[in-house]
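Participant: give me a 3D structure for the following:
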Amino acid sequence: MRQSISSIGSLLATVLLASSPSVPAADAVRPVLLYSRHFNAAGESRYLHDGTYREILHRLSQEFEVRVNDQSLNRESLQGIQVVLVANPSDKAVGTNPPPHHFNDADIAALDGFVTDGGGLIVLGNQENHNLEIEDTNRLLARFGLQFTNVYTDAKQIVLSVRVPLFGGLKWAYYTGNQVQFLPGHPARPQALISNDLSQKPFAGTRDARGALMASAEPGHGRVVVVTDAGWLTDDALSGRGIGGVAIKDQDNFEIARRLMHWAAHTVAPPPSPKNRN
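Facilitator: Sure, this is the predicted structure:
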């Protein structure tokens with residue numbers, strides 16, 4: 001049996017971060033965001049809901065009903081969910097724990113159907129030394145005309161043009177990653193949401209390749225987003241403390257994430273709360 005990733009119950013139980021007093025009234029209708037840990041290795045401490053992703057999920061819970069679990073994804077478990085977030089699906093086992101679950105045919109079919117019917121799927125990956133599983137993840141992403149590649153860009157601040165849809169004028173603190181490749185002519189219409197701007201140089205390192213760092217596809221009635229960095233949503237990134245010796249203090253990462261989640265969920269993002277401004 002798959003090992004629990006929470007000390008308070010089997011399969012994490014559902015985490016309702018919306019219990020915070022700063023959250024809207026309980027009867028407010030909010031889209032449901034599922035942070036799925038089904039594809040993360042037992043013992044993997046990066047990007048935990050009560051670890052480095054604590055702040056982002058807490059702040060999102062002001063506008064979403066946030067759930068966290070490691071249950072398998074199927075028609076029943078996806079019922080009532082508007083957007084699924086998967087961060088850095090694991091390749092190998094951690095320590096003496098059992099090997100992690102990779103995307104298989106059943107998972108791919110379930111997520112394909114979920115998105116086609118109008119659901120949102122966001123996959124974040126950190127391909128460099130973060131135990132990211134690529135082969136089976138790319139089998140899933142191929143359904144939407146997207147693929148992770150091995151072309152890297154080092155940490156940098158990307159100031160987005162006001163002409164960029166969805167994120168115009170915002171500043172993205174990007175903490176190193178690879179690129180997303182598009183499968184030409186794919187019916188899901190893959191495209192770049194944020195492309196690397198070569199005129200804006202990395203804060204550290206020399207890798208700086210042309211291409212998409214955040215991409216989307218719109219199969220059927222749904223929306224898929226792939227981002228080639230999972231660290232940009234961590235507590236250290238949001239606070240400006242930085243990652244790996246690089247601190248990008250002037251950034252709008254939470255606002256980018258907030259708009260992205262609403263877009264994937266087909267909901268309209270309300271004006272940001274003063275408490276949520278970076």
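Participant: report the contact partners of the residue nearest to the spatial centre of the chain.
Facilitator: Computing the C-alpha centroid of the chain and ranking residues by CA atoms, centre = their mean puts Leu124 first, at 4.1 Å. Neighbour list for Leu124: Leu85, Val86, Ala87, Asn88, Val226, Val227, Asp229, Ala230, Leu233 [criterion: CB atoms under 8 Å, 6 or more residues apart in numbering]. C-beta here means a position set from N, CA and C on the backbone, and glycine is covered the same way.
Participant: run through the stretch 1-150 of the chain and note the low-pLDDT ranges.
Facilitator: When the per-residue scores of the stretch 1-150 of the chain are filtered using pLDDT under 70, the ranges that remain are 1-28.
Participant: and the strands in it, which stretches?
Facilitator: Counting by DSSP state E, counting those that start in this stretch, one finds strands in the stretch 1-150 of the chain at the ranges 32-36, 65-69, 83-87, 120-124, 146-148.
Participant: would you turn those strands into JSON lines with distance to Tyr174?
Facilitator: Rendered in JSON lines, the data for the strands of the stretch 1-150 of the chain read as follows (distance: least, CB to CB, whole Å):
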{"stretch": "strand 32-36", "distance to Tyr174": "21"}
{"stretch": "strand 65-69", "distance to Tyr174": "24"}
{"stretch": "strand 83-87", "distance to Tyr174": "15"}
{"stretch": "strand 120-124", "distance to Tyr174": "12"}
{"stretch": "strand 146-148", "distance to Tyr174": "16"}
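Participant: which one of those strands lies closest to Phe167?
Facilitator: For the strands of the stretch 1-150 of the chain, distance to Phe167 was read as CB to CB. The smallest value, 14.4 Å, belongs to strand 120-124.
Participant: parallel or antiparallel, which strands does that closest one pair with?
Facilitator: Strand 120-124 pairs in its sheet with strand 83-87 (parallel), strand 223-227 (parallel), by DSSP bridges.
Participant: got the angle for it vs strand 32-36?
Facilitator: Strand 120-124 and strand 32-36 are oriented at 40 degrees to each other (axes from the mean of the first three to the mean of the last three CA atoms, to 10 degrees).
Participant: re earlier: with distance to Phe114 and mean neighbour count as extra columns, can I get the strands paired with strand 120-124 in JSON lines?
Facilitator: Putting the strands paired with strand 120-124 into JSON lines (distance: least, CB to CB, whole Å; neighbours: other CB atoms under 10 Å) gives the following:
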{"stretch": "strand 83-87", "distance to Phe114": "7", "mean neighbour count": "26"}
{"stretch": "strand 223-227", "distance to Phe114": "10", "mean neighbour count": "25"}
